[in-house]
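Asks: All I have is the shape, not the residue letters:
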């Protein structure tokens, strides 16, 4: 009897894991409907990219933004927008007349039909992750040929990559120049407000009831929307298997077993910035007008806003009761210096990496 127990436990664990995986697959299938323009949750930071997506999805006879290139970090919503654009275009042109996927999938489709990648039955292309072939000359040549054909035939061409085109040194000059001749637009990573609304919407689609304070905990932990979506799926499966309401301890346990670590707080960022500038934290949150403390203060404000999406009123309280306009001025100054001074850009990138949890991917 004692020898059989471990086997039985293993079987039960295997069945539980299989049940959870099947449940997650069904829910993921149900969430396909989530990838629409109406469900793209954003604030003013991504208002322009969303507005352009709405216009492109109308399938105009002469595309206004062609090619259209979205770029941004992992979790900024690039894939969501491409899928959301492909959906309405498919309803206009037909389900088999719009391609959505990456270049490898497109080539595989052509191979199955014994066709070279080029202009054919597709009326629009939404190609994701073009940065993956930045150093592949053969794929770049095929991509360039396809792009040229689409532009000549006035067929909509939308693609996405992980950063500005200029940052991908492996792209040929001709390809980069052709892509830049259209519209290239950045997607900013979602702040905590967007992540909260994203979690609430996903919970409604999943039929999951989570207290607001638990949603806030998840939004603080999960910087990337794709990761947040996965965590919510695991929470839903956990609730189904245990047949009870999910507690804060359950959520913390799920997060502890995941790839992202504990959330960063504004105090953590202030402390890191203080260490970097060799200042005590109280000088950053104080009112000294010397150049170094002011620069450190503005940097900490910017990082709190960029990493955590901290509101202006809360930033004002954190930095010694400063008013709204002072906070905005400090953040805008850093944003301007990042663009105009390469060394500032490098310093901010270094500090941001220092502030993020070790296992939290950028």
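Replies: Thanks, I have the structure now. As the structure is a computational prediction, the values presented were derived from the model and not from experiment.

Asks: Every contact and neighbour count from this point should use C-alpha atoms.
Replies: Fine.

Asks: Check the gap between residue 249 and residue 217 for me.
Replies: Residue 249 sits 11 Å away from residue 217, taking C-alpha to C-alpha, to the nearest Å as the criterion.

Asks: tell me the strands in the stretch 101-250 of the chain, going along the chain?
Replies: When secondary structure is read from DSSP state E, counting those that start in this stretch, the stretch 101-250 of the chain shows strands at 124-127, 156-161, 183-186.

Asks: between those strands, which gets nearest to residue 326?
Replies: strand 183-186 (26.3 Å; C-alpha to C-alpha).

Asks: Identify the neighbouring strands of that closest one in the sheet and state each direction.
Replies: Strand pairing for strand 183-186, using DSSP bridges, gives strand 68-71 (parallel).

Asks: OK, contacts around residue 71?
Replies: For residue 71, the set of contacting residues under the criterion of C-alpha atoms under 8 Å, 6 or more residues apart in numbering consists of 78, 160, 161, 162, 163, 164, 184, 185, 186, 187.

Asks: Over to residue 87?
Replies: Contacts for residue 87 were tallied using C-alpha under 8 Å, 6+ apart; they are residue 36.

Asks: What lies in contact with stretch 152-162?
Replies: Defining contact as C-alpha under 8 Å, 6+ apart, one finds that stretch 152-162 is touched by 56, 59, 61-63, 66-74, 78-79, 82, 123-131, 147, 150-151.

Asks: hmm, try it at 6 Å
Replies: Taking C-alpha atoms under 6 Å, 6 or more residues apart in numbering as the criterion, the residues outside stretch 152-162 that touch it are 66-73, 123-131.

Asks: just stretch 311-323 next, same as before
Replies: Judged by C-alpha under 6 Å, 6+ apart, the contacts made with stretch 311-323 from elsewhere in the structure are 285, 286, 324.

Asks: at 7 Å instead, please
Replies: Contacts of stretch 311-323 with the rest of the structure, by C-alpha atoms under 7 Å, 6 or more residues apart in numbering, involve 285, 286, 301, 324, 327.

Asks: for these, which one is nearest residue 267?
Replies: For those, with residue 267 as the reference and C-alpha to C-alpha as the criterion, the closest is residue 285, at 10.1 Å.

Asks: Just give me the neighbour total for residue 61.
Replies: Other residues near residue 61 number 9, with proximity taken as other C-alpha atoms under 10 Å.

Asks: No more questions from me, cheers.
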